[in-house]
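Peer 1: here are the coordinates; sequence isn't available:
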């Protein structure tokens, strides 16, 4: 769904304000889509797992422990690469992982849905901050 003209203008103003306030952060955000890079690393990890398994089977056929060990190391490296990039590649968002986040008086347990019920949507909070900044 395309943005309305008003929303596009607001977005452009927010972008300009971001570049003015913190140009270093703005340039790091502009460099590219992190999700795309993570997907490529995830695909590379899957390919390494397949290559590692093929080398492992080849080592078993050739009765070589060294080739089998090399194949298992390659497969393990591919799995590690895939696991480390899975969340960012698929867009899974994790809740705040700080030690005190969402914990009750006992200090354990998961936060419930009720903890976020009173918060405004991100868009509304950003628009509110933007208005306050330019009204002053």
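Peer 2: Thanks, I have the structure now. Note that the structure is a prediction, hence the values are computed from the model and not measured. Numbers count the residues shown, from 1 in each chain.

Peer 1: Would you point out which residue is most central in the protein?
Peer 2: Per Cα atoms, centre = their mean, the C-alpha nearest to the average position across the chain is that of residue 88, at 2.8 Å.

Peer 1: Now do that one against residue 45, distance only.
Peer 2: As defined by Cβ to Cβ, to the nearest Å, residue 88 lies at a distance of 13 Å from residue 45. The C-beta positions use only the backbone N, C-alpha and C, and glycine is treated the same way.

Peer 1: How about the residue nearest to the centre of the chain: what's its closest non-neighbour residue?
Peer 2: In space, and not counting its chain neighbours, residue 88 is closest to residue 38: 3.9 Å by Cβ to Cβ, 6 or more residues apart in numbering.

Peer 1: which SSE is that neighbour in?
Peer 2: Per DSSP states H and E, residue 38 falls inside helix 34-61.

Peer 1: Of all the helices and strands in this structure, which has the lowest average confidence?
Peer 2: Of all helical and strand segments in the chain, the minimum by mean pLDDT, DSSP states H and E falls on helix 23-30, at a mean of 72.
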